[in-house]
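[1] have a look; sequence and predicted model below, questions after that.
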Amino acid sequence: MARVEERLEERGLELPEQAKVPPGVTTPFQWVRVRGTRAFVSGHGALGADGSPLGPFGRVPSEVSLEAAQASARSAMLAMLASLQRAVGDLDRIAAWLMLFGNVNADPGYAQTTLVVNPASELLIDLYGSDAGSHARTAIGATALPLNLPVILAAEVELAG
């Protein structure tokens, strides 16, 4: 078993199945686009084990608490890892996390979006270490997100040859 997968198992974390989009929703894009030694990861929200969208749903903090939004960010990261695993075969092929883009379904004026996305960043550093897991990041508040999810994450990673 690969090192990152072992760390996930040690922490009791499981990767979800591939995203199951609701009826009427189309995805004319790739969840992960590999180009040379880079992988570009499309926006991911939290998924249940079966790949279905995972609540809570709504805006932070009026409908979703900070703590629930943080859990959603962590789950969204697991969904991204699952997509990367399907695309590149082994999570240890990720040599470096370059950029993490966080979008938070936030109430107007909500200024704690960084706190919402922190658990996703912390999970990467925990799984990959401070060198490969460290990354540049944004945590932007949005007026609406797909499926009314509280957090959507996208990323760019560098792959080992």
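    Here it is on my side, so go on.
[2] which residue packs closest to residue 11, ignoring adjacent ones?
    For residue 11, ignoring the flanking residues on the chain, the nearest one in space by C-beta to C-beta, 6 or more residues apart in numbering is residue 126 at 7.7 Å. Placement of C-beta: from N, CA and C, glycine included.
[3] next one: residue 158
    Closest residue to residue 158 apart from its sequence neighbours, by C-beta to C-beta, 6+ apart: residue 96 at 4.4 Å.
[4] helix, strand or coil: sort out the residue nearest to residue 11 for me.
    The local conformation at residue 126, judged by DSSP: H, G, I helix; E, B strand; the rest coil, is helix.
[5] just checking, residue 41 touches residue 82?
    No: the pair residue 41 / residue 82 is not scored as a contact, 10.7 Å apart, by C-beta atoms under 8 Å.
[6] in contact with residue 17, which residues?
    Contact analysis of residue 17 by C-beta atoms under 8 Å, 6 or more residues apart in numbering lists 47, 49, 50, 51, 82.
[7] tell me what the longest strand along the chain is packed against?
    Determined from DSSP state E, the single longest strand within the chain is strand 94-105. With contacts taken as 3 or more C-beta pairs under 8 Å, 6 or more residues apart in numbering; DSSP states H and E, strand 94-105 sits against strand 38-44, helix 66-88, helix 113-133, strand 136-142, strand 151-159.
[8] which pLDDT value goes with the residue positioned nearest the centre of the chain?
    Nearest residue to the geometric centre of the chain (C-alpha atoms, centre = their mean): residue 77, 2.7 Å. Residue 77 is assigned 98 on the pLDDT scale.
[9] quick one: residues contacting it.
    For residue 77, the contact set (C-beta under 8 Å, 6+ apart) comprises 44, 119, 120, 123, 124, 153.
[10] which one of the helices and strands packed on strand 94-105 lies nearest to residue 9?
    With C-beta to C-beta as the measure, helix 113-133 is the member of those nearest residue 9 (11.1 Å).
[11] any idea how far the closest one is from the middle of the chain?
    10 Å (C-alpha atoms, centre = their mean, to the nearest Å).
[12] hey, C-alpha coordinates of it in CSV?
    The C-alpha trace of helix 113-133 is given here as CSV (Å, rounded to 0.1, in the frame of the first residue of the first chain):
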residue,chain,number,x,y,z
THR,A,113,-13.4,32.0,4.7
THR,A,114,-9.7,31.3,5.5
LEU,A,115,-10.8,29.4,8.6
VAL,A,116,-13.3,27.4,6.6
VAL,A,117,-10.7,26.1,4.2
ASN,A,118,-7.9,25.6,6.7
PRO,A,119,-8.8,21.9,7.5
ALA,A,120,-8.3,21.0,3.8
SER,A,121,-4.8,22.6,3.9
GLU,A,122,-4.0,20.9,7.2
LEU,A,123,-5.0,17.5,5.8
LEU,A,124,-2.7,17.9,2.8
ILE,A,125,0.3,18.8,5.1
ASP,A,126,-0.6,15.9,7.4
LEU,A,127,-0.7,13.4,4.5
TYR,A,128,2.1,14.7,2.4
GLY,A,129,4.4,16.5,4.8
SER,A,130,5.5,20.1,4.9
ASP,A,131,7.4,20.0,1.6
ALA,A,132,5.1,18.3,-0.8
GLY,A,133,1.9,19.2,1.1
